[in-house]
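**Student:** attaching a predicted model along with its sequence, questions to come.
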Amino acid sequence: MPSFSERITQAKQHPSSATATATAATAAAGPATSVITSPSSDARRERHREPQLYVWVVTINREVTGEASLWEFQRYLSAIDPTLRRTLENTLDISKAGKNLSTLRKIVADLLPRMLMTRQRIPHNGWRFAKNGSGKWFIDSPPPPSSSSSSSNGGSGAAGAANKVMGYGLAERDSVIALAFAQGYKQQVVNIGMDIVRIPDYSSSGDEAEAFIASLMHKLAPEELSQIVPALPVEKKLSRLCIMLAVKEAYLKALGQPHGFDLSRISVNINPGGRSTIAVDKQVVNGWEFRLFTADIGAPPPLPEAPRVVQERYQCATAIWRGWKDRTEVVFAERDRDEMTSWLQFLTVTALARSVGSGGARGDATPAS
């Protein structure tokens, strides 16, 4: 049987009740300025030599209520981190927990990396969660029995610096949970981040949209304010705002940065028709690949009297460290839908529950981050 480090991750898109559009961009930063919107053929070839990044997007496609949700909840409990399971069992009424959307999201986020390893056909004693020196979680293989004990700061096991590991990033928002992952050498894949921002629907109320935008302006750098000018249509302002916020959060998560970092220190200028820049404290950031896509899904209604299925739209962003010295790339995915379907997969929470075997997705403890 192939070892952990020899397995190649393959994520194929499967049909689901969720529909998705994707927006991607590839922008590269030069030594002092950024980037061309579309990478050169040399840049594309170099990117294909890097570990492939994959994304799973799980949608909660119906009301979180009733016997079906309770069945899902109990099935998930058999597979998640034992510490989280004990916490939930001690603090929640299990008969009602399956109706709680935030609890279901937390459980699914904890479960997804374990399901990833199950799909790799790696037994639960053949891998472990580990952290690098910055506190960024990744999936390692356990150290050989003859080796000295290694800490959770990882990298000294069989899949440490010399062999391949699985890097990943998680995000959750309202009706969506997402996992971005890649397999490669530790320095190639440990820095992966994922973020989701729900794009609000203010089509019937421009005033509410403007109030929403104003409430988030403090998270923008001064140079970003010119991208949200009053003359722009509301939809364009909302889209730009959500893209900037998603990119910033994905970048910070990829670094393992704790919550609380001032987002206004990061400047994101993504211009599909021209040049794009990403900078921190006014210093251009090189070496990163960002992917942007939007997901349009049918979600359960917020209120019992609402229509059974409502449409929700989410801005998604991934970040992965590539180590390029001369550029950063921002990939707008819908420009190449064939390629997009090779790395982006949509699942429903119902389908995920059916694939969870009793104890089949176990692993060591890890936070859902």
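**Tutor:** Noted; the coordinates are in hand.

**Student:** so what's residue 80 up against?
**Tutor:** Contact partners of residue 80, counting by C-beta atoms under 8 Å, 6 or more residues apart in numbering, are 107, 110-111, 114, 361. Just so you know, the C-beta spots here come from the backbone N, C-alpha and C atoms, and that holds for glycine as well.

**Student:** okay if I get these as TSV plus secondary structure?
**Tutor:** Converted to TSV, the contacts of residue 80 look like this (DSSP: H, G, I helix; E, B strand; the rest coil):
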residue	secondary structure
107	helix
110	helix
111	helix
114	helix
361	coil
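
**Student:** how near is residue 218 to residue 225?
**Tutor:** 11 Å (C-beta to C-beta, to the nearest Å).

**Student:** quick one: the strands in the stretch 51-200 of the chain?
**Tutor:** Listed in chain order, the strands of the stretch 51-200 of the chain (DSSP state E, counting those that start in this stretch) span residues 54-59, 128-131, 137-140, 164-173, 176-185, 192-199.

**Student:** would you mind getting the angle between the first one and strand 192-199?
**Tutor:** With axes from the mean of the first three to the mean of the last three C-alpha atoms, to 10 degrees as the criterion, the two stretches strand 54-59 and strand 192-199 enclose an angle of 40 degrees.

**Student:** next, the buried residues of strand 54-59.
**Tutor:** 54-59 (16 or more other C-beta atoms under 10 Å).

**Student:** of those residues, closest to residue 187?
**Tutor:** Lowest distance from residue 187 to the buried residues of strand 54-59 (C-beta to C-beta) belongs to residue 54, with 18.9 Å.

**Student:** residue 282 contacts residue 264, doesn't it?
**Tutor:** No: judged on C-beta atoms under 8 Å, residue 282 makes no contact with residue 264 at a distance of 11.6 Å.

**Student:** which of the two has more residues huddled nearby?
**Tutor:** Each of residue 282 and residue 264 has its neighbours counted (other C-beta atoms under 10 Å); residue 264 has more, 14 against 10.

**Student:** mind checking how far the residue nearest to the more buried one when sequence neighbours are not counted is from residue 276?
**Tutor:** Closest residue in space to residue 264, ignoring its immediate chain neighbours: residue 221 at 5.2 Å, by C-beta to C-beta, 6 or more residues apart in numbering. Distance of residue 221 to residue 276, given as C-beta to C-beta: 14 Å.

**Student:** more neighbours, these two?
**Tutor:** residue 276 (24 against 20).

**Student:** I figured the more buried one hits residue 330, correct?
**Tutor:** Yes: if you go by C-beta under 8 Å, residue 276 and residue 330 touch, sitting 5.5 Å apart.

**Student:** using JSON lines, lay out the strands of the stretch 51-200 of the chain together with mean pLDDT.
**Tutor:** Output for the strands of the stretch 51-200 of the chain, formatted as JSON lines (pLDDT from 0 to 100):
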{"stretch": "strand 54-59", "mean pLDDT": "95"}
{"stretch": "strand 128-131", "mean pLDDT": "93"}
{"stretch": "strand 137-140", "mean pLDDT": "95"}
{"stretch": "strand 164-173", "mean pLDDT": "96"}
{"stretch": "strand 176-185", "mean pLDDT": "96"}
{"stretch": "strand 192-199", "mean pLDDT": "97"}
